[in-house]
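Visitor: sharing a model that was predicted from the sequence below.
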Amino acid sequence: MTEPARSTRGRATSTSELRRMNRVPAVALASAAGFAGILALHASSGAPVLTGARLGTPGSTVPRTTAPSTTSSLPPTGTPRAAVGTSEQYGYGVLAVKVAVRGSRIIEVSMAKLQTAEQYSQSLAQQVIPTLHNEVLSTQSAQINGISGATYTSQAYAASVQSALDLLGVK
Amino acid sequence: MIVHTEPVMGTMVSFHVEPGECPVKDARAAVVSACKKLHELDAVFSTWKPESPLSRFRNGLLGVQDAPSDIGLVLDMCEEAMVLSQGWFDPWAMPGGFDPTGLVKGWATEQALAILRQAGVEAAMVNGGGDIALLGLPKGQDTWRIGIRHPWRPDALACVLEASTAVATSGCYERGPHLINPKDGTMLFDTASATVVGSSLPFCDALATALVVAGDDGAELARSLKGYDAYLIGVDGKEEATVGVVFAEATVV
């Protein structure tokens, strides 16, 4: 057998209703801070908190209509501070990461520098960058354990993040 | 907590392991075994290496009866995933011949987690390039919280979902347009990202791919899936989810 019989028999079962989402995505709430602005999480059964919100649309600062319902993980207080980590070789060039913290909690991670060696396309570098947000989040935040959909990773990215954290005097 | 990142299968696979009662040295040994397993599976299933058993199988140089038994196993899973996805996941319709990559990465990641489970670790997350296999619970939490990558902002998340076993996300953002509609060969889709949460990571992986290429039919397909929940982001930014998807909602200072 080299090619099993193909079947496209469908399933008629429809146990779940697809719902149109009006939920404000996390990133929109976090505004420019991106994912790292997420500081407290609670489960939502999907009740809409806003109408008409879409990912990536300029509605990123719209107010929530529901109050935060958790008191178990109060956000750290203090003024946000930022530092740029050391430039690190990442296999296709050089990168440096900017990290912003409030207290000891990372609230933003972004690329401060990204240089790609000539033989590699910039698009390849872009692929590498989604990277190790994963590691950063799991070690720095008790809130998010992993990231689905971000394929590439880089030790250089983590190293630059660490050096930025060292500069900021947080672990 | 043991943290390890292994470059394999053309991506990075990260391990987060909470040994619990399992001796730390045994947990570390299990991570090493799991990495070895991933490299073995990569050697069998690589479509890039012409000498790999899968490459030889798809080129007709190796019959399934002579191939490693894992190939037969994956063929069976691919058939099942094709039925489950109503034909939208179809590794037989890929240009260049049979290509189970859309299921194998999730399956291999699940195999790696199985080795950690056998070793008796208390909790673990294996993230195979965005395909996530989970065991137990993270320390101090009553659920795993998995960020879903924002489809067009690489440094951002679209949302955070709660999960207990497996999560996979597929989209066209990562490697450019590489997904193909098995029914008409087109490569442009109205769905930017599809995430599937469920009990089996290889099926989550295959179904996530299917939901992206199904385009307008994705919503209907998502509704038809028993035991799997789906979260879709359209190219227009619209989000849809089946009722079983649990969002960890964000509160921002």
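Guide: That came in fine, so what should we check first?
Visitor: which strand or helix spans the closest residue to A:I147 other than its chain neighbours?
Guide: Residue nearest to A:I147 in three dimensions, not counting chain neighbours: B:G147, with 4.4 Å by Cβ to Cβ, 6 or more residues apart in numbering or on different chains. For glycine as for every other residue, the C-beta is placed from the backbone atoms N, C-alpha and C. Applying DSSP states H and E as the criterion places B:G147 in strand B:144-149.
Visitor: immediately after that strand, which helix or strand?
Guide: Past strand B:144-149, the next helix or strand by DSSP H and E is strand B:157-163.
Visitor: strand B:144-149 and that following strand, what's the angle between them?
Guide: Angle between the axes of strand B:157-163 and strand B:144-149 is 150 degrees (criterion: axes from the mean of the first three to the mean of the last three Cα atoms, to 10 degrees).
Visitor: how about the helix or strand just after strand B:157-163 as PDB, C-alpha atoms only?
Guide: Downstream of strand B:157-163, the next assigned helix or strand under DSSP H and E is strand B:166-171. Only the C-alpha atoms of strand B:166-171 are listed here, as PDB (Å, rounded to 0.1, in the frame of the first residue of the first chain):
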ATOM      1  CA  ALA B 166      -2.700  20.200  23.300                       C
ATOM      2  CA  VAL B 167      -2.800  23.500  21.300                       C
ATOM      3  CA  ALA B 168      -1.700  24.100  17.700                       C
ATOM      4  CA  THR B 169      -1.800  27.200  15.600                       C
ATOM      5  CA  SER B 170      -1.500  27.500  11.900                       C
ATOM      6  CA  GLY B 171      -1.300  30.600   9.800                       C
END
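Visitor: tell me if A:L167 really is in a strand.
Guide: No. Read with DSSP: H, G, I helix; E, B strand; the rest coil, A:L167 is helix and lies in no strand.
Visitor: what's near enough to touch it?
Guide: A:L167 makes contacts with A:83-85, as judged by Cβ atoms under 8 Å, 6 or more residues apart in numbering or on different chains.
Visitor: do you know the pLDDT at it?
Guide: Per-residue pLDDT puts A:L167 at 71.
Visitor: likewise for B:P19?
Guide: Confidence score, pLDDT, at B:P19: 97.
Visitor: same check, this time on A:K98
Guide: Value for A:K98, per-residue pLDDT: 74.
Visitor: equivalent analysis for B:V3, please.
Guide: B:V3 carries a pLDDT value of 83.
Visitor: is it part of a helix or strand, or is it coil?
Guide: Using three-state DSSP, the structure places B:V3 in strand.
Visitor: nearest residue to it other than its sequence neighbours?
Guide: Closest residue to B:V3 apart from its sequence neighbours, by Cβ to Cβ, 6+ apart: B:H16 at 5.7 Å.
Visitor: try B:W107
Guide: Of all residues not flanking B:W107 in the chain, B:P202 sits nearest, at 3.7 Å (Cβ to Cβ, 6+ apart).
Visitor: and after the helix or strand in which B:V83 is found, which helix or strand comes next?
Guide: For B:V83, the element it lies in under DSSP H and E is helix B:69-84. Using DSSP H and E, the helix or strand that follows helix B:69-84 in sequence is helix B:101-119.
Visitor: how far does the helix holding B:V83 sit from the chain's center?
Guide: Offset of helix B:69-84 from its chain centre (Cα atoms, centre = their mean, to the nearest Å): 15 Å.
Visitor: ok, and does that helix reach over to chain A?
Guide: Yes. Helix B:69-84 comes into contact with chain A (Cβ under 8 Å from any Cβ of the partner chain), by way of B:75-76, B:78-79, B:82-84.
Visitor: SS state for the residue nearest to B:W107?
Guide: Assigned with three-state DSSP, B:P202 falls in the helix class.
Visitor: any regions of the chain where pLDDT drops low?
Guide: Using chain A. Where chain A drops to pLDDT under 70, the residues are A:1-78, A:89-93, A:101-111, A:114-144, A:150-166, A:169-171.
Visitor: please refer instead to chain B.
Guide: Low-confidence segments of chain B (pLDDT under 70): B:153-157, B:172-178, B:187, B:249-253.
Visitor: longest helix in it, please.
Guide: In chain B, taking DSSP state H as the definition, the longest helix is helix B:24-45.
Visitor: so which elements touch whichever helix or strand comes after that helix?
Guide: Scanning forward in sequence from helix B:24-45 by DSSP H and E, the next helix or strand is helix B:53-58. Applying 3 or more Cβ pairs under 8 Å, 6 or more residues apart in numbering or on different chains; DSSP states H and E, one finds that helix B:53-58 makes contact with helix B:24-45, helix B:69-84.
Visitor: which outside residues touch the longest one?
Guide: Outside helix B:24-45, the residues within contact range by Cβ under 8 Å, 6+ apart are B:2, B:4, B:6, B:8-10, B:13, B:15, B:17, B:19, B:22, B:49, B:52-54, B:68, B:70-71, B:74, B:100-101, B:104, B:108-109, B:111-113, B:115-116, B:118-121, B:126, B:128.
Visitor: quick one on the thing from earlier: what is the helix holding B:V83 packed up against?
Guide: Using 3+ Cβ pairs under 8 Å, 6+ apart as the contact test, the elements touching helix B:69-84 are helix B:24-45, helix B:53-58, helix B:101-119, helix B:201-213.
Visitor: so of those helices, which one's packed in deepest?
Guide: Stretch with highest mean neighbour count among these: helix B:201-213 (a mean of 29; mean count of other Cβ atoms under 10 Å in any protein chain shown).
Visitor: can you name the next helix or strand after it?
Guide: helix B:218-224.
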